[in-house]
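# What would the 3D arrangement of this be:
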Amino acid sequence: MATKHYIPSIFTIANICCGFAAVAIGDIFLGSVILLVGILLDTIDGFLARKLNAVSQVGKELDSLADVISFGMAPAYLYLLIAPSDNWIYYLAPMMFLVGSALRLAKFNTLPSLHYFIGLPVPFATLFLLGLFIGIQYDKTFYIQSISNPLVYFLIPFVLMVLMLSNIKMFSLKSIDQGISSNRLPLYTILIFTLLLIFDFRIACSAIVVVYVLMSYFKRNSFQQPSSQD
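As a prediction, the model looks like this:
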């Protein structure tokens with residue numbers, strides 16, 4: 001096998017290490033920063049796999065395993081750290097997110113290669129939680145007051161799990177290098193995210209996931225084919 005086939009896997013392995021580091025550090029802010037790096041690495045490995053023509057079944061399986069750790073286990077653990085109480089019942093909320101992530105990835109691996117996603121991609125679900133963690137860290141009162149409500153604490157991972165396992169068609173941002181005319185939705189998403197960062201970076205990550213889901217839902221009938229990398 002050519003050396004170039006191993007290059008994307010180096011970034012995938014680095015993503016796995018980010019997931020471990022986020023759990024080992026056990027801090028919602030530092031963990032969030034590390035997992036944001038993991039999302040970037042996950043994007044780069046898929047981009048390189050396509051550009052180098054290094055897509056393989058082993059790479060696909062490794063990518064899914066990395067996602068279970070970095071975008072399933074790690075954010076679920078960080079979510080437990082902000083539980084309103086240390087009662088064992090609050091373990092069920094992050095477990096919902098973890099199970100939803102694992103099922104979403106397993107389902108994804110059974111689908112044919114498409115130009116859009118079926119259900120909310122796991123990195124986007126993680127991005128929503130990271131936005132929540134960052135908002136809490138920077139004293140965003142709305143987030144702090146909301147998450148202290150047990151109902152909201154359980155509702156957030158439940159809704160994310162439902163979205164991940166749904167059959168809603170959601171557009172992919174990974175073909176953005178293929179021209180403007182066929183990538184208006186991804187470009188709008190990036191533009192809105194940039195504006196959100198300028199307006200209030202504490203809400204940007206969570207808000208852009210909501211925008212992404214709404215844009216995908218209302219434009220779902222315009223998608224033609226599914227995407228090969230989650």
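# wait, isn't Asn149 in contact with Ala83?
No. Contact status for Asn149 versus Ala83: not in contact, 11.7 Å apart, counting by Cβ atoms under 8 Å. In this view, the C-beta of every residue, glycine as well, is placed from N, C-alpha and C.
# Neighbour count for those two, which is higher?
Between Asn149 and Ala83, Ala83 has the larger neighbour count (other Cβ atoms under 10 Å), namely 18 against 11.
# Where does that one fall, secondary structure wise?
Using DSSP states H and E, Ala83 maps to neither a helix nor a strand.
# what does Ile190 give?
Counting by DSSP H and E, the element that carries Ile190 is helix 184-218.
# show me where this protein has strands.
Assigned strands in the chain, in chain order: 116-118, 169-171 (criterion: DSSP state E).
# What's the mean pLDDT across the first one?
If I follow you right, that is strand 116-118. Here the mean pLDDT over strand 116-118 is 85, rounded to a whole number.
# helices or strands up against it?
Helices and strands touching strand 116-118, as assessed by 3 or more Cβ pairs under 8 Å, 6 or more residues apart in numbering; DSSP states H and E, comprise helix 92-110, strand 169-171.
# Spit out the contact partners of Val23.
31, 73-74, 77-78 (Cβ atoms under 8 Å, 6 or more residues apart in numbering).
# what two of those are the furthest from one another?
Looking at the contacts of Val23 by Cβ to Cβ, the two members farthest from one another are Gly31 and Met73, with 11.6 Å of separation.
# If you count surrounding residues, which of the two has more?
Shown here are Gly31 and Met73; by other Cβ under 10 Å, Gly31 has more neighbours (24 against 20).
# what is the rounded mean pLDDT of stretch 22-33?
So the average pLDDT for stretch 22-33 ends up being 95.
# pull the CA atoms of it into CSV?
Provided in CSV are the C-alpha atoms of stretch 22-33 (Å, rounded to 0.1, in the frame of the first residue of the first chain):
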residue,chain,number,x,y,z
ALA,A,22,-10.5,15.6,26.8
VAL,A,23,-11.6,12.9,29.2
ALA,A,24,-8.2,12.7,31.0
ILE,A,25,-8.1,16.4,31.7
GLY,A,26,-11.7,16.4,32.9
ASP,A,27,-12.3,20.2,32.4
ILE,A,28,-15.2,21.4,30.4
PHE,A,29,-13.4,24.3,28.8
LEU,A,30,-10.0,22.7,28.0
GLY,A,31,-11.9,19.5,27.0
SER,A,32,-14.0,21.6,24.6
VAL,A,33,-11.0,23.2,23.0
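# what comes up buried for that stretch?
The neighbour-count criterion (16 or more other Cβ atoms under 10 Å) identifies 22-23, 28, 31-33 as the buried residues of stretch 22-33.
# Return the subset of those lying in helices.
Counted as lying in helices by DSSP state H, out of the buried residues of stretch 22-33, are 22-23, 28, 31-33.
# May I see these organised as JSON lines, with distance to Phe47 added?
JSON lines is the format used below for those (distance: Cβ to Cβ, whole Å):
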{"residue": "Ala22", "distance to Phe47": "22"}
{"residue": "Val23", "distance to Phe47": "26"}
{"residue": "Ile28", "distance to Phe47": "29"}
{"residue": "Gly31", "distance to Phe47": "25"}
{"residue": "Ser32", "distance to Phe47": "23"}
{"residue": "Val33", "distance to Phe47": "21"}
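# Quick check: the gap between Pro150 and Thr43.
Applying Cβ to Cβ, to the nearest Å, the value for Pro150 to Thr43 is 35 Å.
# do the same with Leu80
Counting by Cβ to Cβ, the gap between Leu80 and Thr43 amounts to 26 Å.
# cool, Ile34 as well?
Relative to Thr43, Ile34 is positioned 15 Å away (Cβ to Cβ).
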